[in-house]
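**Student:** Below are the sequence and a predicted model; questions follow.
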Amino acid sequence: MSEESRPFISRGSGSLSEKSDESSENFVIERHQPKSLRFLRIACILEFIALILLAAGMILAFQTRPSESDSDLECARKVSAYSPLLAEPELVKYTEYDLPLYFNEKTDYRGPPTPEREVMWEKLWHQGAFEVPEDKLGVMNKSHSGRTYKHVPPEVGTGYAAQLEVLHQLHCVHMLRQWSYKEHWLDRGLDLPGSLYGDPKLTRMHLDHCIEVLRANIMCTSDVTPILIELDPKAPFGERADFRSNHKCRNFWEIRQWVIDHTAIP
Ligand SMILES: *[C@@H]1O[C@H](CO)[C@@H](O)[C@H](O)[C@H]1NC(C)=O
């Protein structure tokens, strides 16, 4: 048999030929050459696999070495419905801080209406509409809703006009707050402000809508942050809830600014 005809000879037939031809030098050469060839092939394949793994590792390392905020953003995208704001690489971020919410804590937004306070509240939410790209109707589950949606003006783009949920929620809080202080205007013989003005039936519907918006959104978010109970002999029952809980919050002011910077319909 020539060397060419049996380069990958099996162990079984090798030992057979060993018995039939014990002293053959040819046999020794034939037996060793295929073996070293096999090692060479295996070494080549391993080297190839190692190279591919190395290249893949380098690509992964350079592309997705996540900074803290990058990984937060990735998580936010994963656990949120579609939003063009989450498509922004640097917009939505998280910071941990204590919310200033002690039972009697003073904040700029708290208290009866004053001209300055009403302006501050209005500035929280009163922004225009921004554009949602035309091809995102599907991910928003609105392709087959059977409804027709308003587009942004053609000079702005081809997408749809949209308002931001957080601003809508704040509008609802603002409206309920003003309703809770309605005597401030009524006692002075003034018209009720903002959305409270007009047909009382419509106002009632608007207020009930707002209560539902806040109820459903609060349940949807289900904030699981614990609120501790502080022991204090001076407190009415010897204890009180510590509402100044440490929260992990989105950067509201930059999110609001994005809406202002992307106004499609004022
Ligand atoms: C998608 O929209 C349809 C109505 O068009 C609704 O019945 C369905 O529940 C929605 N799916 C999800 C996952 O929200």
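**Tutor:** Alright, I've got the coordinates. Numbering: from 1, shown residues only.

**Student:** Over to the residue of the chain found nearest the ligand. Which of the three states is it?
**Tutor:** For the chain, the residue closest to the ligand is residue 141, as judged by C-beta to the nearest ligand atom, at 3.8 Å. Yep, even glycine has a C-beta here, placed from its N, CA and C like the rest. Residue 141 falls in the coil class when you classify it by DSSP: H, G, I helix; E, B strand; the rest coil.

**Student:** list the contacts for the residue nearest the centre of the chain?
**Tutor:** The chain has residue 76 as the residue nearest its centroid, 1.9 Å off, counting by C-alpha atoms, centre = their mean. Residue 76 makes contact with 86, 92, 94, 250, according to C-beta atoms under 8 Å, 6 or more residues apart in numbering.

**Student:** Chain neighbours aside, what residue packs nearest to the first one?
**Tutor:** Nearest-residue entry for residue 86: residue 77, 5.1 Å, with adjacent residues in sequence omitted and distances by C-beta to C-beta, 6 or more residues apart in numbering.

**Student:** Close to the ligand: what parts of this structure are there?
**Tutor:** 141, 144, 145 (C-beta under 6 Å from any ligand atom).

**Student:** Surely the second one forms part of a strand?
**Tutor:** Yep, that's residue 144 we're talking about. No: with three-state DSSP as the criterion, residue 144 is coil rather than part of a strand.

**Student:** residues of stretch 192-202 that come out buried?
**Tutor:** 192, 193, 195, 196 (16 or more other C-beta atoms under 10 Å).

**Student:** rewinding a little: between the residues of the chain next to the ligand, which is closest to residue 245?
**Tutor:** Closest approach between those and residue 245, by C-beta to C-beta: residue 141, at 33.7 Å.

**Student:** okay, now the closest one: neighbour count?
**Tutor:** 10 (other C-beta atoms under 10 Å).

**Student:** same thing with residue 175?
**Tutor:** Residue 175 has 22 neighbours, counted by other C-beta under 10 Å.

**Student:** ok so, going back, now that we have the contacts of residue 76, which of them are buried?
**Tutor:** Among the contacts of residue 76, the ones that count as buried by 16+ other C-beta under 10 Å are 86, 92, 250.

**Student:** can you redo these as TSV with secondary structure and pLDDT?
**Tutor:** Converted to TSV, these look like this (DSSP: H, G, I helix; E, B strand; the rest coil; pLDDT from 0 to 100):
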residue	secondary structure	pLDDT
86	helix	97
92	coil	97
250	strand	97
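
**Student:** Can you lay out those residues as JSON lines showing distance to residue 104?
**Tutor:** As requested, the buried ones among the contacts of residue 76 are exported to JSON lines (distance: C-beta to C-beta, whole Å):
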{"residue": "86", "distance to residue 104": "37"}
{"residue": "92", "distance to residue 104": "32"}
{"residue": "250", "distance to residue 104": "27"}
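
**Student:** which one of the residues you listed is nearest residue 244?
**Tutor:** Residue 244 lies nearest to residue 250 out of the buried ones among the contacts of residue 76, by C-beta to C-beta, at 18.8 Å.

**Student:** Go ahead and confirm the closest one touches residue 96.
**Tutor:** No: Residue 250 lies out of contact with residue 96 (C-beta atoms under 8 Å); the separation is 11.5 Å.

**Student:** Tell me, how many residues neighbour residue 132?
**Tutor:** Based on other C-beta under 10 Å, the number of other residues close to residue 132 is 23.

**Student:** mind starting the numbering at 81 from now?
**Tutor:** Fine by me, first position is 81 from now on; the one you just mentioned is residue 212.

**Student:** In contact with it, which residues?
**Tutor:** By C-beta under 8 Å, 6+ apart, the residues touching residue 212 are 164, 220, 239, 240, 241, 242.

**Student:** Okay, now stretch 273-287: how far is its last residue from its first?
**Tutor:** 13 Å (C-alpha to C-alpha, to the nearest Å).
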